[in-house]
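J.: Need the 3D shape of this:
(2 chains, ligands or ions: 1)
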Amino acid sequence: MATPITARRSLPLLTTEQISGLKKELADTIEYRKSGLSLNHIIGCPLDCGYCVRHLFDNFELKTPRALMSDEAAVDLLTSHSYFQPHITPIQIFNRATDPMLPVVKPHTFNVLRLLDERGLTNHVLVITRWRVDAEDCAILNSFTNIKLTVLVTHSGISDPRIEPVDSRIAATSLRTLYDNSERYRTILYWRPIVPGLNDSDADIDRALELSKHAHATVFTGLFFRDEIAAYYASHDIPLPYDETARRKIMPEISERRILERFHRSTDSEAPYGALFRKTSCAVTYAHGEADYNGHYGIRELCDICPMSQLAICKAAWVKPDLDTVTSQARLLGATSDPVITDRAVIVEGLNEPPRYWLQHTHGYQVHDAAKPHHHRRHGRADIGWREAKEEQ
Amino acid sequence: MNTPIHIAITGTHSTGKTVLMRRAEMELRATGLRVARVHGLGKRAAALGLPKMQRHTATSTEWVIAAGIADELAHTTDSDVVLTDRAPIDAIAYYTAALEFRGEPSKPSTTERLEQLVASQAPRYELLLATQLDPAEPVVATHDYDPRYRHLVDRHIHDWLFKTASTYQLVTNTDDSRDQAIALIKRRVAFYENSAPYNDPQL
Ligand code: SF4
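T.: Numbering: from 1, shown residues only, chains lettered A, B, ... in the order given. This is a model prediction of the structure:
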C-alpha cells in the first residue's frame, strides 16, 4: 500500500474573492433537484468525464477539489434551508461538482453523514460515486443509525477514453465491495449515461446485467446533453452522439427496448425485470423497501418494469393529496394560478423547480408545470431519439 | 517554495501514453495535489509550420525539446506534480528515426548537440515511464500515420534508453502493467511529498 499522499494536506477553503468569481449556481451550496436537496460545499473534480454536468457551470477547469465552507456550516445551511423538512426531504451530497469518494473529499463526505445522523434525521441520503470504495469505507457507511443511506455507483461502460477517461474497472470493483459489505446502507448500479452507438451494444448490456447482480437495484438513464457539453465534445474532436442538444435526458426508445429485452426474466412473474428502474428515486426507495418519494406511481407507464412487491408498496402509499392543502401551499410558494390535481400529477403554474420538488416530496405525488407538458412514454426525457419513431407512426 | 516532482513518459505514438498520464493526473488530483500535465507540443509545432513525424528536422527537434523544457518550468510555482507527456528523449528518437526513415545520414555534430540537450534534462525526472509498441494492437490511423516510422521510433527510444543506461519503468500493453505504472507513480509522489519540506502557498 502506498503511503497516503493526503497525510499532510487538508482541503483549502476558497477565499471570498475566489468564490465571488464562480458562476452563481456553483457558489450556491444548496440546490433543490429532483432526487433531493443537494449539498455541494466542495467543488472541483479531477475526473474528466466528457459528459459531466460540471460543463454547465464553466467549472471543468476547476480540477482540484476546494471547499466553500466547513462541513458544520454546510450542514447547518442545509438543515435550516426553507425547503428542508426533517425525515422527509431526500438529501444528496456532492453530486454535481465533485466526487464524494475522492481521497481528499471522502473525510468530508463521512463527516457530513455523521453530522446528519447525529441529529437523528431519518431522511434519505444519496451519495453518487464512480471512484474507489473499500471495505473500511463500507464499515463507516454501515455505522450510521438514523439516515437512510444509498450509495449509487456510476458505471457507463463507455470505452472511448476521450469521453470516459476513468477506468470503468474502478466503479465495477467499488460496486462489488459495497454490495458484499452492505449491512445498513444500500447500493445501486447507476448505469448512465447510455449513448446509442457508444455503449449500448449487446456486450455492453450483458456487462451491465452481470454488474446489476452486485447491486440492490439498477437505474438506467440516457445522456444529459446540453450545448456546453456539445461544445466540449467538439473542442476535443469527439464525434457528437446527436446532432442537437436537449433540455432533458436522452434515452432513445430503441436502446431502451433492447435493454429491457435483455433484462427480462420470463420465468419470474414477481420481478420480471429484476430490480431494474428508470428513475433514481424508484431504485433508491425500492432498495429500502419504501414507496417512491417522487410519486412516479402516478406515471403508471414507468412502473411496467417494477417488481410486484414494490408496485404494491407504491400503490398503498400513493394518495391523491388534499386539494385545499395543496392550493394553500402552492399560493404560499408563489403559484400564479390554483393547482389542478389529476390522476397522474398536481399541475401548477408559475412555480419553478425547487418549489415544485418541495411539493412533490411533501406529498409523494408528481408535480408538473403547466407550461411543460409531459409526453406519454417519455417522462422527463428528451424528444431526441423519439422523433423518428413519432414520424413513423 | 516547494519544487514540484517531475514524472515523464516516453514511447512511440498510439501506445497509450496520454490515457495513462490522464489517469495518473486524476489519481493525484483526487488526493488534493495540484497537477500539471505538459502535452500537446506536436500540435503547437505544427501550428508554427514546423515539420513533424517522419519529416522532423534538427530545428523542429530543438524547438520541441526547448518548448518542453519551458513548459515544465512554467509550472514550477503552480503545481505539486508535473506530468510530462513526451519526455525530451522522444524528440531525439523521433528525429533520428526520421533520418533513418528518409535514408539520410545524420550529422554527428548536430545530433550530439541535441543529445546533450536531452541528456541534460534527465536528472529532473523523479520517474521515467516508457511504453512499448505492441504489434498486435490495431492503430486508428491518421493521415500522417506510417507504421514503419512508428516502429522505428519505438526502436530508437528503447535503443536510447539502453545506450544511456536509463532507469525507467517499462509499460506494456496490458491492464496489469498500466495499473502497476499508476501505483508506482502514486508511491513515488507519496514518498516525495512526505519527505520534502511542505509549504502550502494557500496557508
Ligand atoms: S411502482 Fe412505479 S413509482 Fe413505485 S418504485 Fe416502481 S416504478 Fe417507481
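
J.: Just give me the neighbour total for the residue of the stretch 151-300 of chain A found nearest the ligand.
T.: The stretch 151-300 of chain A approaches the ligand most closely through A:C282 (3.1 Å), counting by CB to the nearest ligand atom. C-beta coordinates here come from the backbone N, C-alpha and C atoms, glycine included. A:C282: 26 surrounding residues under other CB atoms under 10 Å in any protein chain shown.

J.: now swap in the one 4 residues further on and tell me
T.: Residues within reach of A:Y286, counting by other CB under 10 Å, total 24.

J.: now B:A46
T.: B:A46: 14 surrounding residues under other CB under 10 Å.

J.: again, but for A:R262
T.: Counted with other CB under 10 Å, A:R262 comes out at 14.

J.: Could you say which helix or strand holds the residue of the stretch 151-300 of chain A closest to the ligand?
T.: Following DSSP states H and E, one finds A:C282 within helix A:280-287.

J.: Check what contacts the next helix or strand after that helix and list those residues.
T.: Next along the chain after helix A:280-287, taking DSSP H and E as the criterion, comes helix A:308-317. With CB atoms under 8 Å, 6 or more residues apart in numbering or on different chains as the test, helix A:308-317 has contacts from A:269-271, A:282, A:286, A:289-292, A:296-297, A:303, A:306, A:364.

J.: what are the phi and psi values for the residue of chain B found nearest chain A?
T.: Proximity to chain A, evaluated over chain B using CB to the nearest CB, is greatest for B:R29 at 3.2 Å. Dihedral pair for B:R29: phi -60, psi -30, per degrees, to the nearest 10.

J.: ditto for the one 4 residues further on
T.: B:L33 has phi and psi values of phi -80, psi 150 when expressed as degrees, to the nearest 10.

J.: for the nearest residue to it once chain neighbours are set aside, what are its contacts?
T.: Spatial nearest neighbour of B:L33, excluding adjacent residues (CB to CB, 6 or more residues apart in numbering or on different chains): B:D80 at 4.4 Å. Counting by CB under 8 Å, 6+ apart, B:D80 touches B:2, B:4-5, B:28, B:33-35, B:193.

J.: change it to 6 Å
T.: By CB atoms under 6 Å, 6 or more residues apart in numbering or on different chains, the residues touching B:D80 are B:4, B:33-34.

J.: any idea how far whichever residue of the stretch 251-393 of chain A sits closest to chain B is from B:D154?
T.: Closest residue of the stretch 251-393 of chain A to chain B, CB to the nearest CB: A:T280 (24.4 Å). From A:T280 over to B:D154 the distance is 47 Å, taken as CB to CB, to the nearest Å.

J.: Tell me which of these two has more neighbours.
T.: Neighbour comparison, A:T280 and B:D154: the larger count goes to A:T280, with 25 against 22 (by other CB under 10 Å).

J.: Just the pLDDT at that one, thanks.
T.: A:T280 carries a pLDDT value of 95.

J.: Enumerate every residue touching it.
T.: Taking CB under 6 Å, 6+ apart, we find A:T280 in contact with A:35, A:219.

J.: If we use 8 Å, what do you get?
T.: Contacts for A:T280 (CB under 8 Å, 6+ apart) come out as A:34-35, A:126, A:152, A:190, A:219, A:221.

J.: how about B:T59, what does it touch?
T.: By CB under 8 Å, 6+ apart, B:T59 lies in contact with B:L50.

J.: tell me the phi and psi of it?
T.: Backbone torsions of B:T59, given as degrees, to the nearest 10, read phi -70, psi -50.

J.: per-residue confidence at it?
T.: Confidence at B:T59, expressed as pLDDT, is 96.

J.: same check, this time on A:L39
T.: 96.

J.: For it, which residues count as its bridge partners?
T.: A:I30, A:I93 (DSSP bridges).

J.: In space, what's closest to the residue of chain B closest to chain A - neighbours in sequence excluded?
T.: Counting by CB to CB, 6+ apart, B:R29 lies nearest to A:P46, which is 3.2 Å off, once chain neighbours are set aside.

J.: strands paired with the helix or strand harbouring A:G222, and their directions?
T.: In this assignment (DSSP H and E), A:G222 forms part of strand A:217-222. Looking at strand A:217-222 with DSSP bridges, its partner strands are strand A:186-194 (parallel), strand A:276-277 (parallel).

J.: Show me which of the contacts of helix A:308-317 is closest to B:R113.
T.: Ranked by distance to B:R113 (CB to CB), those are led by A:C282 at 68.0 Å.

J.: Please look at that closest one and A:E290 and confirm they touch.
T.: No: contact criterion CB atoms under 8 Å: A:C282 and A:E290 do not qualify, at 10.5 Å.

J.: Going along the chain, name the helices of chain B.
T.: Using DSSP state H, the helices of chain B run over residues B:17-29, B:41-47, B:58-74, B:88-102, B:108-121, B:147-163, B:175-195.

J.: So is the second one next to chain A?
T.: No: judged by CB under 8 Å from any CB of the partner chain, helix B:41-47 stays clear of chain A, getting no closer than 11.0 Å.

J.: Before I go, just wanted to say thanks for your time.
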